[in-house]
Structure formats: structure tokens, C-alpha cells
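Novice: structure for this input, please:
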Amino acid sequence: MKPSTNRMLNRIKAVYMYINKKGTVTTQDLVDEFGITPRTIQRDLNVLAYNDLVESPTRGHWTTTTKKVKMTS
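Specialist: Below you'll find the model as predicted:
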């Protein structure tokens, strides 16, 4: 796997874990926490949403779904 792909997957995993820990977060919370652009966060959230791991009950707010996830290191 390319290093850039590995970095992206690690970041997406970290975003998921952060949302799961906090409950509900805003897109801006994620931008501030991870220090990346809103567009990059949105792409990461799109990947998580496509895989039914997060949802946006209201615009700009994100929470995890009830889908079970097996976390590996």
C-alpha cells in the first residue's frame, strides 16, 4: 500500500474513533482537532458515511451509527 493511502486510512480511522468517543461533533470540531482542511474532513466523512459508519442527523453535525466495527491496529 502506498504511504499516502496508509496515512489516509489512519486518519479516517482516527476521525471515526474521535466521533465515536465524543458522541456528536461538528465538521469544524474535526477541522480543529485534526488540523486539516474542511474539504479533506468532508472527504473522510464521505468515506465513513458510504460505509455506514457515521451519519449526519443535522447539517454539519456527525455521529456514529450502530453498525458494529472491529478495530485492528
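
Novice: which other helices and strands contact the helix ranked longest in the chain?
Specialist: Once the chain is assigned using DSSP state H, the helix that runs over the most residues is helix 3-22. Contacting helix 3-22 under the criterion 3 or more Cβ pairs under 8 Å, 6 or more residues apart in numbering; DSSP states H and E are the following elements: helix 27-34, helix 38-50, strand 61-64. From N, CA and C alone the C-beta is placed, and that goes for glycine too.

Novice: winner for burial among those?
Specialist: With neighbours taken as mean count of other Cβ atoms under 10 Å, these reach their highest mean count in strand 61-64, at a mean of 18.

Novice: dump the C-alpha coordinates for it into CSV.
Specialist: Coordinates of each C-alpha in strand 61-64 appear next as CSV, following Å, rounded to 0.1, in the frame of the first residue of the first chain:
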residue,chain,number,x,y,z
HIS,A,61,-23.1,17.5,12.8
TRP,A,62,-21.9,13.9,12.8
THR,A,63,-22.4,10.9,14.9
THR,A,64,-21.5,7.2,14.6
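
Novice: ok, it: who's next to it in the sheet?
Specialist: strand 24-26 (antiparallel), strand 54-55 (antiparallel) (DSSP bridges).

Novice: dump the ones you listed to TSV, plus mean neighbour count and mean pLDDT.
Specialist: Converted to TSV, the strands paired with strand 61-64 look like this (neighbours: other Cβ atoms under 10 Å; pLDDT from 0 to 100):
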stretch	mean neighbour count	mean pLDDT
strand 24-26	16	96
strand 54-55	18	96
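
Novice: residues in contact with residue 14?
Specialist: Under the criterion of Cβ atoms under 8 Å, 6 or more residues apart in numbering, the neighbours of residue 14 are residue 34.

Novice: just the pLDDT for it.
Specialist: Residue 14 is assigned a predicted lDDT (pLDDT) of 96.

Novice: ditto for the one 3 residues further on
Specialist: In this model, residue 17 is scored at 95, pLDDT.

Novice: for residue 52, grab the count of nearby residues.
Specialist: 10 (other Cβ atoms under 10 Å).

Novice: good, wrapping up.
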